[in-house]
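*Asks:* Make a model of this:
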Amino acid sequence: MATPPFYRRKLPHLQPEQGTFDVCFRLHGSIPRNLLTSVWQDYAGKDNSEDITPGHKKAWLLIPEIAKLAMESLHFLEEEMKVCHLICYCIMPTHVHLMLNQCTKPLHQILKSHKQFVALRANRFLGRSGPFWQRESYDRLIRDETEFRRRVAYILRNPEKANLVRHWADWPYTYLSDEVVP
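*Replies:* Now for the predicted structure:
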């Protein structure tokens, strides 16, 4: 059996063909410094605090134009670029949860393309420059139907848990593929 493609930045990433992935990526500086330092120390066994910037608490993804830009970019990757199939996503004020499969390019390349596109246009809209997203994304390979259902529910219910809406379908920045029953 061949080893699935693998790459490493701060976290290890495994991408078998035909995998379904649960991904989370955050705005730059949206994770508190003490939490990031702890995580990096746990994973790498050393202090990587030079890579960490203090949280700025900006919730740029609450700005409708920026949230819509992120949504349009995700759908463009699926519909026009045909590099993935979107299962569901939720764009929260400081981060994005996403589930996708049928990737025709490595996951890190798909995310890089999306994040660069959104960052360039969002920074222009905000009249700012500099990093927009955290460099590292968290991704998890979905291994079975039970985990698939549990992760879809988790992603969709994020705005409910954050008390942004009473029901996930009321959050304007969620998406669920027609082929999936919530």
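
*Asks:* so how far is residue 58 from residue 78?
*Replies:* Using Cβ to Cβ, to the nearest Å, we find residue 78 at a distance of 28 Å from residue 58. For the C-beta atoms, the positions are set from N, CA and C on the backbone; glycine is no exception.

*Asks:* oh, I was asking about residue 121
*Replies:* In terms of Cβ to Cβ, residue 121 sits 16 Å off from residue 58.

*Asks:* Spell out which helix or strand contains residue 115, please.
*Replies:* Assessed by DSSP states H and E, residue 115 sits inside helix 107-126.

*Asks:* continuing past that helix, what's the next helix or strand?
*Replies:* With DSSP H and E, the next secondary element past helix 107-126 is strand 138-142.

*Asks:* rounded to a whole number, what's the mean pLDDT of that next one?
*Replies:* The average pLDDT within strand 138-142 is 92.

*Asks:* Give me the below-cutoff pLDDT ranges for this structure.
*Replies:* Scanning the chain with the threshold set as pLDDT under 70 gives 1-13, 32-57.

*Asks:* before we move on, back to that, just the buried positions in the helix holding residue 115, please.
*Replies:* 107-108, 110-111, 113-115, 117-119, 121-123 (16 or more other Cβ atoms under 10 Å).
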